[in-house]
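>>> using only what follows, build the 3D model:
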Amino acid sequence: LRRSQLFTDEIEFNSVTFGPINPEPTDPTGEKCSGRPSEIKFKIVPTKCGEDKNELKSFGRRRELSHNGDKIYYSCSDSTDARISFPAKVFISDNKGNELFSRNNVARGESFDLQNVPTNLRVKIFSKTNDQVVVFHSSCSKPIYTGDTMGSFKILEFSY
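Have a look, this model is predicted:
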(Lines give C-alpha, C1' and ligand atoms only; values in the text may rest on other atoms or scores of the structure.)
Protein backbone atom coordinates (compact mmCIF):
# COMPACT_ATOMS: atom_id res chain seq x y z
CA LEU A 1 0.00 0.00 0.00
CA ARG A 2 1.06 3.54 -0.68
CA ARG A 3 1.11 5.78 2.37
CA SER A 4 -1.60 8.05 0.89
CA GLN A 5 -3.98 5.09 0.58
CA LEU A 6 -4.08 4.73 4.34
CA PHE A 7 -5.71 8.13 4.63
CA THR A 8 -8.13 8.14 1.71
CA ASP A 9 -9.01 4.61 0.63
CA GLU A 10 -10.54 1.50 2.11
CA ILE A 11 -8.17 -1.40 2.53
CA GLU A 12 -8.97 -5.05 3.07
CA PHE A 13 -6.92 -7.42 5.19
CA ASN A 14 -7.98 -10.96 6.17
CA SER A 15 -11.55 -10.33 4.91
CA VAL A 16 -11.93 -7.21 7.08
CA THR A 17 -12.35 -3.81 5.42
CA PHE A 18 -10.72 -0.81 7.14
CA GLY A 19 -10.73 2.92 6.46
CA PRO A 20 -10.73 5.54 5.37
CA ILE A 21 -8.76 6.90 8.31
CA ASN A 22 -10.75 10.13 8.30
CA PRO A 23 -14.50 9.54 8.87
CA GLU A 24 -17.16 10.84 6.52
CA PRO A 25 -18.11 14.43 7.36
CA THR A 26 -21.63 15.44 8.38
CA ASP A 27 -23.57 17.27 5.68
CA PRO A 28 -23.83 20.81 7.13
CA THR A 29 -26.78 21.56 4.85
CA GLY A 30 -28.72 18.45 5.83
CA GLU A 31 -32.50 18.39 6.03
CA LYS A 32 -33.82 18.98 9.54
CA CYS A 33 -36.25 16.37 10.81
CA SER A 34 -39.63 18.15 10.94
CA GLY A 35 -41.61 15.75 13.11
CA ARG A 36 -41.54 12.21 14.39
CA PRO A 37 -40.33 10.10 11.45
CA SER A 38 -42.06 6.84 10.56
CA GLU A 39 -38.97 5.70 8.65
CA ILE A 40 -35.25 6.52 8.69
CA LYS A 41 -32.90 5.56 5.87
CA PHE A 42 -29.40 4.99 7.25
CA LYS A 43 -26.01 3.44 6.65
CA ILE A 44 -23.14 2.38 8.88
CA VAL A 45 -19.92 4.39 8.53
CA PRO A 46 -16.54 3.83 10.25
CA THR A 47 -16.81 6.48 12.96
CA LYS A 48 -15.71 6.33 16.60
CA CYS A 49 -18.00 7.80 19.23
CA GLY A 50 -15.88 10.90 19.76
CA GLU A 51 -15.81 11.63 16.03
CA ASP A 52 -19.56 11.56 15.41
CA LYS A 53 -21.45 14.74 14.57
CA ASN A 54 -24.91 15.58 15.88
CA GLU A 55 -26.60 18.20 18.06
CA LEU A 56 -28.20 15.75 20.50
CA LYS A 57 -25.00 15.62 22.58
CA SER A 58 -25.62 19.18 23.75
CA PHE A 59 -29.10 18.58 25.22
CA GLY A 60 -28.16 16.78 28.40
CA ARG A 61 -30.18 13.96 29.86
CA ARG A 62 -33.75 12.65 29.48
CA ARG A 63 -35.61 10.07 31.59
CA GLU A 64 -37.24 8.09 28.73
CA LEU A 65 -33.99 6.36 27.75
CA SER A 66 -33.36 5.13 31.26
CA HIS A 67 -32.62 1.47 31.89
CA ASN A 68 -30.37 1.98 34.87
CA GLY A 69 -31.22 5.47 36.11
CA ASP A 70 -29.30 7.37 33.41
CA LYS A 71 -31.29 10.14 31.73
CA ILE A 72 -30.01 10.93 28.25
CA TYR A 73 -30.89 12.23 24.78
CA TYR A 74 -27.77 10.62 23.35
CA SER A 75 -25.00 8.25 24.35
CA CYS A 76 -22.33 6.33 22.49
CA SER A 77 -19.75 3.84 23.69
CA ASP A 78 -16.97 1.96 21.89
CA SER A 79 -15.39 -1.27 23.11
CA THR A 80 -11.96 -0.27 21.68
CA ASP A 81 -10.17 2.76 20.22
CA ALA A 82 -10.59 1.38 16.68
CA ARG A 83 -13.26 2.32 14.14
CA ILE A 84 -15.94 -0.13 13.05
CA SER A 85 -14.67 -2.55 10.38
CA PHE A 86 -16.62 -4.38 7.73
CA PRO A 87 -18.42 -6.69 7.42
CA ALA A 88 -20.33 -5.74 10.57
CA LYS A 89 -23.44 -6.93 12.35
CA VAL A 90 -26.14 -4.36 13.15
CA PHE A 91 -28.92 -4.80 15.71
CA ILE A 92 -31.43 -2.02 16.39
CA SER A 93 -34.06 -2.05 19.13
CA ASP A 94 -36.27 0.33 21.05
CA ASN A 95 -35.23 1.25 24.59
CA LYS A 96 -37.14 -1.78 25.95
CA GLY A 97 -35.08 -4.19 23.85
CA ASN A 98 -37.73 -5.00 21.22
CA GLU A 99 -35.95 -5.85 17.96
CA LEU A 100 -36.59 -3.44 15.07
CA PHE A 101 -33.78 -4.38 12.69
CA SER A 102 -31.05 -7.02 12.54
CA ARG A 103 -28.56 -7.71 9.78
CA ASN A 104 -25.34 -9.73 9.55
CA ASN A 105 -22.52 -9.06 7.08
CA VAL A 106 -23.28 -5.37 6.53
CA ALA A 107 -20.89 -3.98 3.92
CA ARG A 108 -19.52 -0.43 3.90
CA GLY A 109 -21.84 1.85 1.91
CA GLU A 110 -24.95 -0.33 2.19
CA SER A 111 -28.04 1.64 3.13
CA PHE A 112 -31.14 0.38 4.93
CA ASP A 113 -34.62 1.56 5.85
CA LEU A 114 -35.72 1.40 9.47
CA GLN A 115 -39.53 1.44 9.63
CA ASN A 116 -41.90 2.17 12.53
CA VAL A 117 -39.33 4.36 14.25
CA PRO A 118 -39.99 4.61 18.01
CA THR A 119 -39.20 7.61 20.21
CA ASN A 120 -35.83 6.12 21.24
CA LEU A 121 -33.37 3.91 19.36
CA ARG A 122 -30.64 1.61 20.63
CA VAL A 123 -28.14 0.70 17.88
CA LYS A 124 -25.58 -2.07 18.47
CA ILE A 125 -22.83 -2.58 15.89
CA PHE A 126 -20.47 -5.53 16.14
CA SER A 127 -17.27 -5.87 14.10
CA LYS A 128 -13.85 -7.52 14.35
CA THR A 129 -12.21 -4.27 15.44
CA ASN A 130 -14.83 -2.59 17.65
CA ASP A 131 -18.29 -3.05 19.12
CA GLN A 132 -20.36 0.11 19.49
CA VAL A 133 -23.59 0.91 21.31
CA VAL A 134 -25.48 4.10 20.44
CA VAL A 135 -28.68 5.24 22.15
CA PHE A 136 -30.53 8.33 20.98
CA HIS A 137 -33.85 10.13 21.17
CA SER A 138 -35.29 9.76 17.64
CA SER A 139 -38.62 11.61 17.88
CA CYS A 140 -37.10 14.84 16.48
CA SER A 141 -38.23 16.86 19.49
CA LYS A 142 -34.57 17.97 19.44
CA PRO A 143 -32.73 18.75 16.17
CA ILE A 144 -31.71 15.78 14.03
CA TYR A 145 -30.51 16.30 10.45
CA THR A 146 -29.77 14.15 7.43
CA GLY A 147 -26.02 13.66 7.45
CA ASP A 148 -25.87 13.41 11.27
CA THR A 149 -23.81 10.57 12.65
CA MET A 150 -24.77 8.94 15.92
CA GLY A 151 -21.63 6.92 16.44
CA SER A 152 -21.39 4.90 13.23
CA PHE A 153 -25.13 5.26 12.46
CA LYS A 154 -25.46 7.88 9.69
CA ILE A 155 -28.89 9.32 8.86
CA LEU A 156 -29.55 9.63 5.13
CA GLU A 157 -33.26 10.43 4.91
CA PHE A 158 -36.49 10.77 6.89
CA SER A 159 -40.04 9.72 5.90
CA TYR A 160 -43.13 10.81 7.79
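>>> give me the sheet partners of the helix or strand hosting Val135 and which way each runs.
For Val135, the element it lies in under DSSP states H and E is strand 131-137. Paired neighbours of strand 131-137 in the sheet (DSSP bridges): strand 74-78 (antiparallel), strand 120-126 (antiparallel).
>>> what's the closest of those strands to Lys96?
strand 120-126 (8.9 Å; Cβ to Cβ). C-betas here are computed from N, CA, C, even on glycine.
>>> which parts of the chain are helices?
In the chain, the segments counted as helices under DSSP state H are 5-8.
>>> in it, where is pLDDT below threshold?
1-29, 60-72 (pLDDT under 70).
>>> now the strands for it?
Secondary structure of the chain (DSSP state E): strands at 11-13, 16-18, 39-44, 74-78, 88-93, 99-106, 111-115, 120-126, 131-137, 149-150, 153-159.
>>> so which of these is nearest Lys53?
When those are ranked by proximity to Lys53 (Cβ to Cβ), strand 149-150 comes first, at 5.3 Å.
>>> what sits up against the closest one?
Residues from elsewhere that reach strand 149-150 (Cβ atoms under 8 Å, 6 or more residues apart in numbering): 23-24, 26, 45, 47, 51-54, 56, 74, 76, 123, 134, 136, 155.
>>> OK, contacts around the residue nearest to Ile40 when sequence neighbours are not counted?
In space, and not counting its chain neighbours, Ile40 is closest to Leu114: 4.8 Å by Cβ to Cβ, 6 or more residues apart in numbering. Counting by Cβ under 8 Å, 6+ apart, Leu114 touches Glu39, Ile40, Lys41, Phe42, Ile92, Leu100, Phe101, Leu121.
>>> make sure the first one is actually in contact with Pro118.
No. Using Cβ atoms under 8 Å, Glu39 makes no contact with Pro118, being 11.9 Å away.
>>> neighbour count: these two, which is higher?
Pro118 (17 against 13; other Cβ atoms under 10 Å).
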